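*Asks:* Provide a 3D model corresponding to the input given below.
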Amino acid sequence: MAIFCSIQIFCLLLLLLQTFVSSLTLSPQKKIRAISLDVTGTLLATREPVIKSYHDAALWARLTDPPSQAELKRGFKIAFRERCIESPCFGGVEGISGRDWWRTTVARVLHHANPDVSHSEEEFDRYFRRVYQHFGSPSGYMVLEDARGMLASLRESSSDLLLGITSNTPTRHMESVLPMLDSLHDHFSWFACSQDVKHEKPAIEIFEASYNRAKFWLPDLQKDEIIHIGDSYACDYCGARRFGFQALLLDRSSNPSVKTYQDWLEAPDYEGKSLEDAKENTITDLNEVASLLLQDTTKSC
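*Replies:* Predicted coordinates:
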């Protein structure tokens, strides 16, 4: 009797998954030949809250009167927004290195956390290096489980889907962070990050750069044969749809490891924009996307 009930439950779950997949409104006329993916919040998350890492570094560096986590949280929110607006794309627009961008930003974090406390250059150098080392090491980031599952499923299926990155991240994510996390970069053929392109999502220019880099591998690739997936409504979903990609919005609201950062960016308009459209193309697990994409590829063969 227990086995029979288990089979019934499994069949019910399978039916629910099939219903979910069939509800997504990807273009039935176009075969999906390439997948563009966001990085932070979609593929990766920090292993621990950013503020905890900043606070632990302050204690390690023995900063004078180290700020509390609450003070650092306030300081980071103000400083990150200020720096993203005055020097966009992690220094790409200004023409400075990502390290220099973060050095100024971290100094601004400390200032906003506690304006009445100052630190010597030697003291700050010790603190900043600790922070920068942490986020350039395997201790800084982790691959989200459903992302790992999706990439494994696509690889095991021997699918001819081309995978690439379109992300508002520093160059270091492409060149160091992805490779150090189980060689995650090996899954992808092209990379477009905001620091390199000097434009950030939802701008048309970064999607244009991504599209052109994908076309190196598939010269006859059309825009609507690419699907972009990310966790930002403004940057990923609306930005991709305006450019002409198909898109899925990944809802990470139930994942405590994923935080929203550039929440001040406005969502651009695109043809057919509505809350219903976004809802119909919102998913919560990348494993479900793998099933959908592989199903779409099989039907198009």
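*Asks:* The closest residue to G136 other than its chain neighbours: neighbouring residues, count only.
*Replies:* Nearest non-adjacent residue to G136, counting by Cβ to Cβ, 6 or more residues apart in numbering: S176, 6.0 Å away. The C-beta positions use only the backbone N, C-alpha and C, and glycine is treated the same way. Neighbourhood size, S176 [other Cβ atoms under 10 Å]: 15.
*Asks:* Now do S176, the pLDDT please.
*Replies:* Per-residue pLDDT puts S176 at 96.
*Asks:* same deal with S158?
*Replies:* Listed pLDDT for S158 reads 79.
*Asks:* do the same with the one 5 residues further on
*Replies:* According to the per-residue confidence, L163 scores 98 in pLDDT.
*Asks:* Now tell me what touches the helix or strand hosting it from outside.
*Replies:* Using DSSP states H and E, L163 sits in strand 162-167. With Cβ atoms under 8 Å, 6 or more residues apart in numbering as the contact definition, strand 162-167 has outside contacts at 33-40, 151, 154, 173-174, 178, 187-194, 201, 206-207, 210, 213-214, 217-218, 221, 228, 230, 240.
*Asks:* Let me see the contact set for S257.
*Replies:* Counting by Cβ under 8 Å, 6+ apart, S257 touches A45, T46, M142, L144.
*Asks:* which of these lies closest to V117?
*Replies:* T46 (25.5 Å; Cβ to Cβ).
*Asks:* Near the closest one, how many other residues are there?
*Replies:* Using other Cβ under 10 Å, T46 has 20 other residues around it.
*Asks:* begin at 58 from here
*Replies:* Got it, the first residue is 58 from now on, which makes the last one we talked about T103.
*Asks:* Okay, and the beta partners of it?
*Replies:* Beta-bridge pairing for T103 (DSSP bridges): Y198.
*Asks:* who touches it in this structure?
*Replies:* By Cβ under 8 Å, 6+ apart, T103 lies in contact with S110, F192, G197, Y198, M199, S314, K316.
*Asks:* Now, of those, which are buried?
*Replies:* S110, F192, G197, Y198, M199 (16 or more other Cβ atoms under 10 Å).
*Asks:* correct me, but the fourth one touches A204?
*Replies:* Just to be clear, that refers to Y198. No: contact between Y198 and A204 fails when scored by Cβ atoms under 8 Å: they sit 11.6 Å apart.
*Asks:* Find residues that contact each of these two.
*Replies:* L101.
*Asks:* can I get the contacts of T103 in JSON lines with pLDDT and distance to E139?
*Replies:* Below are the contacts of T103 laid out as JSON lines (pLDDT from 0 to 100; distance: Cβ to Cβ, whole Å):
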{"residue": "S110", "pLDDT": "98", "distance to E139": "20"}
{"residue": "F192", "pLDDT": "97", "distance to E139": "19"}
{"residue": "G197", "pLDDT": "97", "distance to E139": "23"}
{"residue": "Y198", "pLDDT": "97", "distance to E139": "24"}
{"residue": "M199", "pLDDT": "97", "distance to E139": "28"}
{"residue": "S314", "pLDDT": "89", "distance to E139": "25"}
{"residue": "K316", "pLDDT": "84", "distance to E139": "18"}
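*Asks:* Farthest-apart pair in the residues you listed, please.
*Replies:* By the measure Cβ to Cβ, F192 and S314 form the most distant pair in these, at 14.8 Å.
*Asks:* one step back: which element follows the strand holding L220 toward the C-terminus?
*Replies:* Using DSSP H and E, the helix or strand that follows strand 219-224 in sequence is helix 228-229.
*Asks:* List the contacts of that following helix.
*Replies:* Residues from elsewhere that reach helix 228-229, judged by Cβ under 8 Å, 6+ apart: F147, G155, G193, C250, Q252, D253.
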